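[1] Take a look and give me a structure for this.
(2 chains)
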Protein chains: 2
Amino acid sequence: MDSIEEIVAANRLDAARYRAPAGPHRPRLALVACMDARIDPWQAFGLKQGSTHVIRNAGGRLADAIRSIAISQVMLDTDAVAIVHHTDCGLLTFSDETMRARLREERGAIADDIAFLPFADQEKALRDDLALYRQTPFLRQDIPVRAFVYDLKTGALREVV
Amino acid sequence: MDSIEEIVAANRLDAARYRAPAGPHRPRLALVACMDARIDPWQAFGLKQGSTHVIRNAGGRLADAIRSIAISQVMLDTDAVAIVHHTDCGLLTFSDETMRARLREERGAIADDIAFLPFADQEKALRDDLALYRQTPFLRQDIPVRAFVYDLKTGALREVV
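    Predicted coordinates:
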């Protein structure tokens, strides 16, 4: 079975025992995390239904999350942001030049104007993301914004300041 | 307890019983979904650890997912994409003008150059996202790319073509 048919089949089973969320939801947190296939944020961070906007992208980088955080804050009044990167992240393994060269070779496509946002230094990447948040005036500056590394070996969060 | 302290405390409990993923992971699917706080993609779509890159943003819009999908395909060889929007989505409730006006009034900030990607027509938004995928030559065009609406009342997926 292909991977899309697998989620369609699994969803059919889940829908059979599904109970719709009751009443309005009031999320308080916007959580930015990596798309990594090994991480289940609901499990790892004990999320409760309705509590958290989960924004995920390659690396858990802030640049791709700004639009979503703004909407989260303006439309649903979330009042905290957590940015979570993780150990053994794929973004540590390549450069913009690698990505562009492979896209050119494998697809004949030019992606020279795309910033793929890889990083060589995990803590610096998180500090850069915190700085980008602070430099974005339409995001709330009066709330906690904290950055963490999730350790895939231990399952534990470590804060980076 | 504030919402960030809540995830830190929940993670401490989870880490105590955590088992690290064994061996390399080989994700096959890139799943784009909305950040909505009521949706747990692992539960709703039966995801297995290591199987799926989960990319989430406000609305599950493709524009914010392009960088991540490219990395998913080049670096981890995923060979399918599912784009999942959902009923009762917040993105159906405002316009770019609303967002810009509120950011101006509430924060004194100008965000007139940001496209917040709201939509008035759910199926059109998904078809626009499929079209944007097809117009992006550095994304793989030789694989299944399918679009769905997840119904929060029933928990079921419905494909949009």
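
[2] where does chain A dip in pLDDT?
    Along chain A, no part satisfies pLDDT under 70.

[3] Now do the helices in it.
    Using DSSP state H, the helices of chain A run over residues A:3-16, A:41-44, A:66-76, A:96-107, A:122-134.

[4] could you give the angle of the fourth one to helix B:66-76?
    An angle of 80 degrees separates the directions of helix A:96-107 and helix B:66-76 when computed by axes from the mean of the first three to the mean of the last three C-alpha atoms, to 10 degrees.

[5] cool, and the third one?
    Following the same axes, to 10 degrees, one obtains 130 degrees for the angle between helix A:66-76 and helix B:66-76.

[6] For helix A:66-76, which outside residues touch it?
    A:26-27, A:30, A:32, A:53, A:55, A:78-79, A:81, A:132, A:136, A:138-140, B:35, B:37, B:57-58, B:64, B:90-91, B:93-94, B:99, B:102-103, B:106, B:111, B:114-117 (C-beta atoms under 8 Å, 6 or more residues apart in numbering or on different chains). For every residue, glycine as well, the C-beta is placed using N, CA and C.

[7] Filter those residues down to the buried ones and hand me the PyMOL line.
    Of the contacts of helix A:66-76, the buried ones go into a single PyMOL selection, burial set by 16 or more other C-beta atoms under 10 Å in any protein chain shown:
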select buried, (chain A and resi 27+30+32+53+55+78+79+81+132+136+138+139+140) or (chain B and resi 35+37+57+58+64+90+91+94+99+102+103+111+114+116+117)
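
[8] got the contact list for A:Ala115?
    Residues in contact with A:Ala115, defined by C-beta under 8 Å, 6+ apart, are A:63, A:96, B:67.

[9] before we move on, the earlier item: could you identify which of the helices of chain A is most buried?
    Comparing those by mean neighbour count (mean count of other C-beta atoms under 10 Å in any protein chain shown), helix A:66-76 ranks first with a mean of 23.

[10] Pull the distance from that helix to the chain's centre.
    14 Å (C-alpha atoms, centre = their mean, to the nearest Å).

[11] thought A:Thr87 was touching A:Leu152?
    Yes - assessed by C-beta atoms under 8 Å, A:Thr87 is found in contact with A:Leu152 at 5.2 Å.
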